[in-house]
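Peer 1: Here is my input, please return the structure:
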Amino acid sequence: MLLFLIAGILGALGIGAANTASVTTPTATATSTATPSSTPTPTATVPINIEGEELGGVAEGTLVEGIDGEAPRKAPDADVKSIDALEALEVKGRAPKTGYDREKFGAAWADVDGNGCDTRNDILYRDLTGSVTSDGCTVTSGTLDPDPYTDTVIDFVRGPATSADVQIDHVVALSDAWQKGAQQLDAETRALFANDPLNLLAVDGPTNQAKGDKDAASWLPPNKGFRCEYVSIQIAVKAKYELWITQPGCADVEGRRG
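Peer 2: Sure, this is the predicted structure:
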C-alpha cells in the first residue's frame, strides 16, 4: 500500500517538466460530524502521550478483531496533483517560530474526511498489512512491511507499552511548515494540512522521534533507498500548500531529487 502511494507521488510530480502548472491552496471544508451508522461503540481507550499528542490505545490483552479481521471501510487515497512541483516552490528565509503551537493545526488526528475514523487510524489502516480493528476504526494490530525509514519489518500491537513503536509522521513537520508559510494559512487549511494523507506515513517510532521537526536539508531517512521518495513527498506537500523552502533546503533538494 505504501508503494502505491509513493508510485502515485512520483508519477504525478512531473519533476523536471516545463513550468506550466499552478498551485492552488486547498479549499476543502473540514468536517468531523459524520459517523458510520454501522460502527459499534468503540472500546474505551487509554491515552498515550507522545510529544504532546495523545494516541488512542486499548489496554493490552483486550484486542478485539473486526468482522473477519478486516475493517469495514477503505483507507483514503492521497490527493496528488500533477504539478511542476519543484519549480513552483518559492525560495525564502525561514520565518520565526514565534506563535507556533500544535493547536494552531487543529485537534490532533481529527476526522477531517468525515468517515467516522480519526486520521491516525486511517493511516495505520492504509500503511499496515493485515490490519485488524476492534470497532471498524481502531487499528489494534498489523505489520509495517517494510518501514520506509529503516527498511525493517515492524509488528504493530496497540497498547500502552507498544503503540509508540509505529508512529504517524508528518513528512513536512508542522513546525517546519509554520516557519515556511503555514502561519499565513487560515485555521481550516492548517487542519487539512495536518491530516492530509499525502503528508503522512506510518513509520518506526524511535526514528520519527529522532527526526523531530527537521526539514529535508537537515534530516533524511536512514534507509537510503527511500530518500528520493521522501524528498518527492516534501516537494509535493509544500507545492500543494504553497509553502516555501530555504536556500540550503533548495540546494539539498536539487541534489537529491534525481
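Peer 1: which regions of this protein sit below the pLDDT cut-off?
Peer 2: Low-confidence segments of the chain (pLDDT under 70): 1-87, 248-258.
Peer 1: Was I right to think L144 contacts R126?
Peer 2: No - using C-beta atoms under 8 Å, L144 makes no contact with R126, being 11.2 Å away. Using the backbone N, CA and C atoms, a C-beta is placed for each residue, glycine as well.
Peer 1: joint contacts of these two?
Peer 2: Residues touching both L144 and R126 (C-beta atoms under 8 Å, 6 or more residues apart in numbering) are A202.
Peer 1: List the contacts of the nearest residue to T129 once chain neighbours are set aside.
Peer 2: Leaving aside its chain neighbours, T129 sits nearest to T143 (5.0 Å; criterion: C-beta to C-beta, 6 or more residues apart in numbering). By C-beta under 8 Å, 6+ apart, T143 lies in contact with 128-130, 153-156.
Peer 1: change it to 6 Å
Peer 2: Applying C-beta atoms under 6 Å, 6 or more residues apart in numbering to T143 gives the contacts 129-130, 155.
Peer 1: Most neighbours among those, which one?
Peer 2: If you count neighbours using other C-beta atoms under 10 Å, the busiest of those is D155, which has 14 neighbours.
Peer 1: okay, the helix or strand encompassing that residue in PDB with CA atoms only?
Peer 2: Per DSSP states H and E: D155 is located in strand 154-157. Coordinates of each C-alpha in strand 154-157 appear next as PDB, following Å, rounded to 0.1, in the frame of the first residue of the first chain:
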ATOM      1  CA  ILE A 154       7.700  -3.900  12.500                       C
ATOM      2  CA  ASP A 155       4.800  -5.800  14.100                       C
ATOM      3  CA  PHE A 156       2.400  -3.300  15.500                       C
ATOM      4  CA  VAL A 157       0.200  -4.100  18.500                       C
END
